[in-house]
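In: coords please:
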Amino acid sequence: MSERNASKDNAGQDVASQDNASQDAASQDVERFGYRQELKRSLSFWDLLIYGLIFMVPIAPFGIFGSVFNVSGGMVALAYAVGAVGMVFTAISYAQMSKAFPLAGSVYAYAGRGIAPPFGFIAGWQILLDYILIPALLYIISGIAMNAFVPGIPVVVWVIGFIVLNTVINYFGIELTARTNRVMLVLELIVLVIFLVIGVVALASGKSTGDALSPLFDSGTFSVGLIFSAVSLAALSFLGFDAISTLSEENREAGTQVARATVLSLLVVAVLFIVQTWVAALLVPDRERLLTDGDTSGTAFYDAAEHAGGHWLYVLTAVTTAVAWGFADALVAQAATSRLLYSMARDRQLPGFLAKVHPSHRVPEHATFVVAAISVAVGIGMTSRADNGVSLLTTLVNFGALTAFLLLHVSVIVHYLVRRRSRDYLRHLVVPLCGIAILGYVVIEAKVAAQTVGLVWLGIGLVVMAVLLSTGRTPTSQPAGPTAPVAGSDEPIESREDA
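Out: Next up is the predicted model:
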C-alpha cells in the first residue's frame, strides 16, 4: 500500500513539475520581448477554448437575428456562412501571429511587431473601437431582452446591473471568470438544443413560414452587395475568437495552444450559427413585416421560438439571451478589453495608470474599472435612442474590428513572407490575401454611418499617433529578429513557430 501511495505521490509531483516547466517556458516567451511576467498564468487549452466560445456566444444570433434577416432579404443563414468563411481566414492569421508573438496585445502586438510600431498603434486603435463599445452593446441587448420579459424595469437599469456584476467578478481574477464561463457555456448549449429540437419538430409538423432553402438562397432578392451588407452585421456574432489572443500571457502553455483554441472555437460556432439561423428563419411568423419594417422591437428570434413551441420558449430564449450576452459574453469582453488597454499602456501608447496590475488578484485593475465606466456612459447614452442604439453600435463595433483584421493579414505577409522569407505560401500569402479581399469588401458595404464614424475614429488615431511619435513615446520593444533564440533554449523562434 505504501509503495502504491508513493507511486501516486511521484506521479503527482511529475505532473506538477511539468506544469511548472510549461509555465516557466511561457513566462520566458514574454520576457524575451522585453516585458515582465505580471499577469497570472492559470489558464489551460480548454479554458481558452471555452473563453472563445463564450465570447462569441453559441446563441449569439438570438439577439441580432431580426436585423440580419432584414438586411439579408431573409437569407440569414447565407450571411452567416459567408461571414464564417471570411473569419476562418482571419482565425488562421491570428493563429500564425500568436505563435510568433505570444503577447497580451492581440492585433496591436502582432501588427506592431510584424510590420512596425506605428502600424501596431493604428491596429490597436481600430480594435479599441470594437473592444470599448462591444461590452456596452452586449449590456444593451441583454437589457432589451430582460425588458421584454419584465417591462416594468427600464433597459438602462438592467444595463447598469449587469455592468456592476461583471466588474466585481473580473476584479477578483481570471480564474473566477474561467470557472463562470464553463457553467454558462453548458447552460447556453442546453437552451440551444431545446430550441433546435422543438424547431425541427415544428417544421416537420407544417409550421414552416418559408421555403426550405430560402434562408440560404432566394433568387428573387439575392445580390452580392445585399449579402455582404448583412455580413457586416452578422460579423458581430463571430467577434470573440480574436480575444483569445489577449490571454496569451495568462495561458499556462505555449502560444500553439492559443492558436489551436482560436481556430477550433471559430469552427464550432460557425456550424452552430448556420444551423440555428436556418431553423429560425423558417419559423418567422410575419416574414413580410420583418423584411419591410425591420426588427424594431429586437424580438424576432423570440417570436420565431414562440411560433415553434409557445410563449414559454419565447421567455426561455429571451432570458437566456439576456444572461448570455449581458453576463457571460460581456464578462469576457470586459476582461479582453482591459487586457488590450493594459498592453497598450505598458508600451506608453495609452495613459500609464491603465497598466496597473492588482498585486494579489493579478488583473489590470484600473483598466477593468475604466471599461466599466465607459460601458455605463455608452449604455445610458444609447438607451435614450428609439432603437437603443443597437444597429449603430453593431456596425461601429464590426467596422473597428474588421479594419484591424485587415492590418492583421498584412502583418502575416510582412512578418513571414518578407522578413522570414517563408515558403509556406498557403498560410502566409494565400490565406491573408483571401482574408483581405473578403473583409475589405464587407467594410466597403458597411453602413455609411459606420464608415463615417469609423473613419473619424481613424483620423483621431492618426493625430494621437503623430503626437506620440513627436514626443518619443514609441513602443519600447522592437520586432524580434528572424533567428532570435528562445530564452532558455538553443532553438530559434522560427522553428517554434513552424512546429
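
In: CA only for contacts and neighbour counts going forward, please
Out: Noted.

In: confirm residue 213 sits in a helix?
Out: No: under DSSP: H, G, I helix; E, B strand; the rest coil, residue 213 sits outside any helix and is assigned coil.

In: backbone phi and psi for it, please?
Out: The phi/psi pair for residue 213 (degrees, to the nearest 10) reads phi -100, psi 0.

In: which stretches of the protein have low pLDDT?
Out: Residue ranges of the chain with pLDDT under 70: 1-40, 104-105, 173-178, 248, 253-255, 296-297, 361, 385-388, 474-499.

In: mind checking the longest helix of it?
Out: If you go by DSSP state H, the chain has its longest helix at helix 117-149.

In: residue contacts, residue 460?
Out: Residues near residue 460 by CA atoms under 8 Å, 6 or more residues apart in numbering: none.

In: in the helix or strand hosting it, which residues are buried?
Out: Residue 460 is part of helix 448-470 when elements are defined by DSSP states H and E. Going by neighbour count (16 or more other CA atoms under 10 Å), the buried part of helix 448-470 is 450, 451, 453, 454, 457, 458, 461, 462, 464, 465, 468.

In: how close does the closest residue to the third one other than its chain neighbours sit to residue 150?
Out: So that's residue 453. Leaving out its chain neighbours, the residue that sits closest to residue 453 by CA to CA, 6 or more residues apart in numbering is residue 396, at 7.4 Å. According to CA to CA, to the nearest Å, residue 396 and residue 150 sit 29 Å apart.

In: between those two, who's got more neighbours?
Out: Taking neighbours as other CA atoms under 10 Å, residue 396 and residue 150 compare with residue 396 leading, 27 against 13.

In: just to revisit the earlier point, which secondary structure elements does the longest helix of the chain contact?
Out: Judged by 3 or more CA pairs under 8 Å, 6 or more residues apart in numbering; DSSP states H and E, helix 117-149 is in contact with helix 107-114, helix 155-171, helix 311-323, helix 330-346, helix 365-382, helix 390-412, helix 448-470.

In: and the angle from that helix to helix 107-114?
Out: 170 degrees (axes from the mean of the first three to the mean of the last three CA atoms, to 10 degrees).

In: and helix 117-149, how far out from the chain middle?
Out: Counting by CA atoms, centre = their mean, to the nearest Å, helix 117-149 is centred 10 Å from the centre of its parent chain.

In: start the count at 18 instead of 1 going forward.
Out: Got it, the first residue is 18 from now on, which makes the last one we talked about helix 134-166.

In: between helix 382-399 and that helix, find me the angle.
Out: Using the same axes, to 10 degrees, helix 134-166 lies at 50 degrees relative to helix 382-399.

In: now helix 134-166 and helix 347-363, what's the angle there?
Out: Using the same axes, to 10 degrees: helix 134-166 against helix 347-363 is 160 degrees.

In: before we move on, back to that, any idea how far the residue nearest to residue 470 is from residue 376?
Out: Using CA to CA, residue 413 is found at 35 Å from residue 376.

In: cool, residue 101 as well?
Out: Applying CA to CA to residue 101 and residue 376 gives a distance of 40 Å.

In: between the two, which is the more surrounded one?
Out: Ranked by neighbour count (other CA under 10 Å), residue 101 and residue 376 place residue 101 first, with 24 against 11.

In: tell me the secondary structure at the closest residue to the more buried one other than its chain neighbours.
Out: The spatially closest residue to residue 101, leaving aside those adjacent along the chain, is residue 287, at 5.7 Å (CA to CA, 6+ apart). Classification of residue 287 using three-state DSSP returns helix.

In: dump the C-alpha coordinates for stretch 380-397 into CSV.
Out: Output in CSV follows, covering the C-alpha atoms of stretch 380-397 (Å, rounded to 0.1, in the frame of the first residue of the first chain):
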residue,chain,number,x,y,z
VAL,A,380,-5.5,41.6,-13.1
PRO,A,381,-5.3,45.0,-14.7
GLU,A,382,-7.5,46.7,-12.1
HIS,A,383,-7.6,50.3,-13.4
ALA,A,384,-8.3,49.2,-17.0
THR,A,385,-11.1,47.0,-15.7
PHE,A,386,-12.8,49.9,-14.0
VAL,A,387,-12.3,52.2,-17.0
VAL,A,388,-14.1,49.7,-19.3
ALA,A,389,-16.9,49.5,-16.8
ALA,A,390,-17.2,53.3,-16.7
ILE,A,391,-17.2,53.6,-20.5
SER,A,392,-19.9,50.9,-20.7
VAL,A,393,-22.1,52.9,-18.2
ALA,A,394,-21.7,56.1,-20.2
VAL,A,395,-22.4,54.5,-23.6
GLY,A,396,-25.3,52.4,-22.1
ILE,A,397,-27.0,55.5,-20.7
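
In: ok now stretch 411-425, how far from the chain's centre?
Out: In terms of CA atoms, centre = their mean, the centre of stretch 411-425 is set 11 Å apart from its chain centre.

In: could you do stretch 444-462 as well?
Out: Mean-position distance between stretch 444-462 and its chain equals 18 Å (CA atoms, centre = their mean).

In: tell me the buried residues in that stretch?
Out: Judged by neighbour count (16+ other CA under 10 Å), stretch 444-462 contains these buried residues: 444-446, 448-453, 455-456, 459-460, 462.

In: among these, name the ones in strands.
Out: Among the buried residues of stretch 444-462, no member falls in strands (criterion: DSSP state E).

In: let me know the closest of the residues you listed to residue 330.
Out: The shortest approach to residue 330 among the buried residues of stretch 444-462 belongs to residue 459, at 34.0 Å (CA to CA).

In: in contact with that closest one, which residues?
Out: Shown in contact with residue 459 (CA under 8 Å, 6+ apart): 245, 246, 248, 249.
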